[in-house]
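Participant: Quick one, structure for this:
(6 chains)
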Number of protein chains: 4
Amino acid sequence: MTNARKLTRVEQKALRPIQILDAAFDEFVANGFSAARVEDIADRIGVTKGTIYVYFPTKEDLFAAMIRHISVPLEDLLKEAGELKGSHEQRLRSLLMLAYQRVAQDRRCRELLRFVIAEGSRFRDVIDAHFAEVIEPLIQRTQLILDEGIVAGEFRKAPAANADIVVSPILSLMMDLLIHDSKRRVDLQAYMEAHLDLVFNSLSQSRPQGVTDQA
Amino acid sequence: MTNARKLTRVEQKALRPIQILDAAFDEFVANGFSAARVEDIADRIGVTKGTIYVYFPTKEDLFAAMIRHISVPLEDLLKEAGELKGSHEQRLRSLLMLAYQRVAQDRRCRELLRFVIAEGSRFRDVIDAHFAEVIEPLIQRTQLILDEGIVAGEFRKAPAANADIVVSPILSLMMDLLIHDSKRRVDLQAYMEAHLDLVFNSLSQSRPQGVTDQA
Amino acid sequence: MTNARKLTRVEQKALRPIQILDAAFDEFVANGFSAARVEDIADRIGVTKGTIYVYFPTKEDLFAAMIRHISVPLEDLLKEAGELKGSHEQRLRSLLMLAYQRVAQDRRCRELLRFVIAEGSRFRDVIDAHFAEVIEPLIQRTQLILDEGIVAGEFRKAPAANADIVVSPILSLMMDLLIHDSKRRVDLQAYMEAHLDLVFNSLSQSRPQGVTDQA
Amino acid sequence: MTNARKLTRVEQKALRPIQILDAAFDEFVANGFSAARVEDIADRIGVTKGTIYVYFPTKEDLFAAMIRHISVPLEDLLKEAGELKGSHEQRLRSLLMLAYQRVAQDRRCRELLRFVIAEGSRFRDVIDAHFAEVIEPLIQRTQLILDEGIVAGEFRKAPAANADIVVSPILSLMMDLLIHDSKRRVDLQAYMEAHLDLVFNSLSQSRPQGVTDQA
DNA sequence: TATGAATGAGACTTCATTCAT
DNA sequence: CATGAATGAAGTCTCATTCAT
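Facilitator: Reported below is the predicted structural model:
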């Protein structure tokens, strides 16, 4: 193994900012920007206040850096989605399920939404920038598949082919998880099934099954 | 005019707490609980800090009272919905539209959601209590109509008959309005139509598939 | 007597800023701007830190206000000098002696010079403004008398009729008092006599040469 | 070129303290003792804070060493003056002009006066010691020439034969340069001429009264 | 010798809260 | 009821100093 020894100075140095940002995330999540204390962030990683200020000049800078830090991996989701194959329904289904996985598994992704809502007015720029990398691409990609699916005759051309509406259960789930946190365990499978059932039963054109069409 | 005279001392006294709570709402909305300053709340109604403390013993009490104050009118919505007549679809449609009206018109109702998300962990009790009076009744009432509609053969018995999913576009809209505030004007009519189209096209039993029966 | 009772609230309120400025003067004199502690200023008048900030928003503002506070009475000196009567020599002599009195008796006037030298670069504006009300008027007034005295044939027209030079012993004395403070007591009478002897023996036109008329 | 090669390690080592002291001078001049930052001193010579502490144990020690460093060359002035020849007037004239040259040309000599006034109370010892090597010898030497000149019948025996008074224009000039720094260029020639004119016209015994003997 | 990460005491400043008037 | 001067605890940020490398 390569890590059987202590970290070298250089490794330690490279790690410190990450440690701080991770600790800052936890603290800001727990208390919000204003109520979070820099010293408590420091305590979480066993350093003193001063150390935080070696790396970040102000609490605000730390917050902004933290937002950037946690929002980084979010673009990756879309890359995977971009390569999805199959019918338009298949692709949309895969995209939505990817989003569910992310939302369900990645607490940071969810908490980002809390920051957007709670601190948006104070950190408009940072928040906007990174909001634009999470929610908006999801909606845009969804709308693209819907539009193409209509052209391909796979989806019906209807008001319901609206990405905001189609993805909204996912956002609602995020909110729900934020509000009740780990308290109330949502039955994710049932929730997803209900969502997809609603969407595709409404949109899919030529579906004998699905039970709506007695015609 | 009935109010051409100055308020009597008694009237003034009865008014003061309301004034304070209204000012507190604006201030807490603008800055969140921690960053809001009691003095700024006082300034908004032209009194001094001390006056606030005549009516509310602490900033936390003031916040809690403010939450209760703005959440009061929300129950009324459900009362109206309870008296809705017509088919189950009709009743569900009316319920959802009532919710839309409230969400679109009542900024306080929307901001309540911000407090739920931003300050939920600090004011668990008061937030939970009043969350339970807004979102949950909406969902429960919705689920009730769905279940009854299925029994009545009006809706198909399907996973999609899930109130969380059915109302989620409304919550998403609230969030969207919170985040972008007055910036981006959503086309409410189109949004509602898309929502209802999706829901009823998916759920309604006896419907010529693929059409939103306006025709 | 009118002050046999405690001060009223109103009187106390009016007094507080003065108290603070006086205490600030002492503290800034003792330690300079940077090393002075706001809490020590507060301690000098038996209040707490917070009280200082009720009246002055920052330490810098307090310093600037203090400078303005102590420099106020300095213009008065010149008013008296303006009404001096007698020959030009008499008037110049009176002006210089007025300056000596001020320098010798008013510690604040001297300490102002210390602030000018020590904090000038940090408080350029305030310092310049009030420097311009002390030293410069003295020099200008001196030059005016010299010039008029030459025209009147009372002083010889010579390079020595230079106000900067003529007043410099006064500035040197200020510096000396600043540096040695109360340690080394200068013999003010001898110093003044030497100064005036030098000046008038050099400038006066119609004087039996080389003698300060003990005759 | 003699210095076309890099410095050897030994030379580098001997140079470092000098570099530090020079940088410290600039920083302390710019900000005063308290507001000066050790790190800024280090930055001025491209080393890190730690390096400063290799050579000077504390910031105070560094300041004291810096004072000693810049005051060293000042004794030399007096050595030259001691060897001046000619009449007593000639010798005094030369002494004063030497002082002027030093004051006009050597910024460090002037800034020392600022430290004396600004930091005197904090560094009483070091400041006193080095003040005693600059101003006091000048005054003592001046007084010596005056006294000898009187004995020799060259100067009149008068109160004006007072070294403090006689040299004060030089100190005033130093102050003026400190306060206005490079802003207002004083006409040094005119200033000196006025000074010497005043002094010798007042003191010289055998001079056709009231005239500046250029004629 | 030089580094620079880390420290921690201490400064400025804020603001919820109190209380005499 | 209302005021607003005063408090003091607490938070952000600074920086002289240390020490392992």
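
Participant: ok, the closest residue to DNA strand E within chain A to residue A:42 distance?
Facilitator: When scored by CB to the nearest atom of the strand, chain A has residue A:50 as its residue closest to DNA strand E, at 2.2 Å. The C-beta positions use only the backbone N, C-alpha and C, and glycine is treated the same way. The gap separating residue A:50 from residue A:42 is 8 Å, by CB to CB, to the nearest Å.

Participant: Give me the neighbour count for the residue of chain A closest to DNA strand E.
Facilitator: 10 (other CB atoms under 10 Å in any protein chain shown).

Participant: Tell me the confidence at it?
Facilitator: We note a pLDDT of 96 for residue A:50 in this prediction.

Participant: Can you tell me the element it falls in?
Facilitator: helix A:49-55 (DSSP states H and E).

Participant: That helix vs chain D: in contact?
Facilitator: No - Helix A:49-55 is not in contact with chain D by CB under 8 Å from any CB of the partner chain; minimum separation 12.1 Å.

Participant: right, and the helix or strand after that helix?
Facilitator: Note on helix A:49-55: by DSSP H and E, the next helix or strand toward the C-terminus is helix A:59-71.

Participant: Lowest-scoring secondary structure element of chain A by mean pLDDT?
Facilitator: helix A:74-82 (a mean of 68; mean pLDDT, DSSP states H and E).

Participant: about what we covered before: and the helix holding residue A:50, what's buried?
Facilitator: Neighbour-count burial for helix A:49-55, counted by 16 or more other CB atoms under 10 Å in any protein chain shown, picks out residue A:52.

Participant: With just CA atoms, put it into PDB.
Facilitator: C-alpha atoms of helix A:49-55 as PDB (Å, rounded to 0.1, in the frame of the first residue of the first chain):
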ATOM      1  CA  LYS A  49      -9.400  29.500  13.600                       C
ATOM      2  CA  GLY A  50      -6.200  31.100  12.200                       C
ATOM      3  CA  THR A  51      -5.600  28.100   9.900                       C
ATOM      4  CA  ILE A  52      -8.900  28.700   8.100                       C
ATOM      5  CA  TYR A  53      -7.700  32.300   7.400                       C
ATOM      6  CA  VAL A  54      -4.500  31.000   5.900                       C
ATOM      7  CA  TYR A  55      -6.500  29.500   3.100                       C
END
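
Participant: The most centrally placed residue in chain A: what's it in contact with?
Facilitator: With distances taken as CA atoms, centre = their mean, residue A:109 lies nearest the centre of chain A, 3.4 Å away. Residue A:109 sits next to A:70, A:74, A:102-103, A:134, A:174 when contact means CB atoms under 8 Å, 6 or more residues apart in numbering or on different chains.

Participant: Next one: it from residue C:162, what distance?
Facilitator: Using CB to CB, we find residue A:109 at a distance of 79 Å from residue C:162.

Participant: repeat for residue A:41
Facilitator: 65 Å.

Participant: Next: residue A:158.
Facilitator: 97 Å.

Participant: and the one helix or strand residue A:137 maps to, what does it pack onto?
Facilitator: Taking DSSP H and E as the criterion, residue A:137 maps to helix A:135-151. Under the contact definition 3 or more CB pairs under 8 Å, 6 or more residues apart in numbering or on different chains; DSSP states H and E, helix A:135-151 sits against helix A:74-82, helix A:88-105, helix A:163-180.

Participant: If you average pLDDT over each of those, which is lowest?
Facilitator: helix A:74-82 (a mean of 68).

Participant: tilt between the longest helix that chain A contains and helix A:59-71?
Facilitator: Longest helix in chain A, counting residues (DSSP state H): helix A:9-35. Interaxial angle of helix A:9-35 relative to helix A:59-71 (axes from the mean of the first three to the mean of the last three CA atoms, to 10 degrees): 110 degrees.

Participant: and the direction of helix A:9-35 versus that of helix A:163-180, what angle?
Facilitator: Going by the same axes, to 10 degrees, helix A:9-35 makes 90 degrees with helix A:163-180.

Participant: Contact partners for residue A:48?
Facilitator: So residue A:48 contacts A:39, A:42 (CB under 8 Å, 6+ apart).

Participant: try it again with 6 Å
Facilitator: Going by CB atoms under 6 Å, 6 or more residues apart in numbering or on different chains, residue A:48 touches residue A:42.

Participant: State the distance from it to residue A:39.
Facilitator: Remark: distance between residue A:48 and residue A:39 (CB to CB) = 8 Å.

Participant: What of residue A:171?
Facilitator: From residue A:171 to residue A:39 the distance is 35 Å (CB to CB).

Participant: same question, residue A:106
Facilitator: Applying CB to CB, the value for residue A:106 to residue A:39 is 28 Å.

Participant: Outline the domain layout of chain A.
Facilitator: Annotated domains of chain A cover A:9-70, A:72-203 [automatic domain parsing].

Participant: Among the ones you listed, which comes closest to residue C:93?
Facilitator: The closest of the domains of chain A to residue C:93 is domain A:9-70. By CB to CB, the value is 60.3 Å.

Participant: quick one: the helix or strand hosting residue A:195 to helix A:163-180, angle?
Facilitator: With elements taken from DSSP H and E, the one containing residue A:195 is helix A:188-203. Per the same axes, to 10 degrees, the angle that helix A:188-203 makes with helix A:163-180 is 160 degrees.

Participant: I would like the residues contacting helix A:188-203, please.
Facilitator: By CB under 6 Å, 6+ apart, helix A:188-203 touches A:89, A:100, A:104, A:155, A:160, A:166, A:169, A:210, B:158-160, B:162, B:165, B:198, B:201-202.

Participant: so which pair among these is furthest apart in space?
Facilitator: A:104 and B:201 (27.6 Å).

Participant: Just want to know which of these two has more residues nearby.
Facilitator: For the pair residue A:104 and residue B:201, the greater number of neighbours falls to residue B:201 (23 against 18), based on other CB under 10 Å.

Participant: Give me the distance between whatever residue of chain A ends up closest to chain C and residue A:127.
Facilitator: Relative to chain C, the nearest point of chain A is residue A:58 (17.8 Å; CB to the nearest CB). Using CB to CB, one obtains 17 Å as the distance from residue A:58 to residue A:127.

Participant: Between the two, tell me which one has more neighbours.
Facilitator: residue A:127 (23 against 10).

Participant: Could you pull up the mean pLDDT of the helix or strand hosting that one?
Facilitator: Element membership for residue A:127, per DSSP H and E: helix A:124-131. Confidence over helix A:124-131 (mean pLDDT, whole number) is 85.

Participant: Let me know the pLDDT of the residue of chain A closest to chain C.
Facilitator: The model reports residue A:58 with a pLDDT of 97.

Participant: Now name the helix or strand holding the residue lying closest to residue A:32 once chain neighbours are set aside.
Facilitator: Counting by CB to CB, 6 or more residues apart in numbering or on different chains, residue A:32 lies nearest to residue A:118, which is 5.9 Å off, once chain neighbours are set aside. Per DSSP H and E: residue A:118 is located in helix A:107-119.

Participant: Just the angle for that helix relative to helix A:88-105, thanks.
Facilitator: Going by the same axes, to 10 degrees, helix A:107-119 makes 80 degrees with helix A:88-105.

Participant: Averaged pLDDT, helix A:107-119. What do you get?
Facilitator: Helix A:107-119 comes out at a mean pLDDT of 93.

Participant: from the chain's centre, how far out does it sit?
Facilitator: Using CA atoms, centre = their mean, to the nearest Å, the mean C-alpha position of helix A:107-119 is found 8 Å from that of the whole chain.

Participant: That one and DNA strand F, are they touching?
Facilitator: No - judged by CB under 7 Å from any atom of the strand, helix A:107-119 stays clear of DNA strand F, getting no closer than 13.9 Å.
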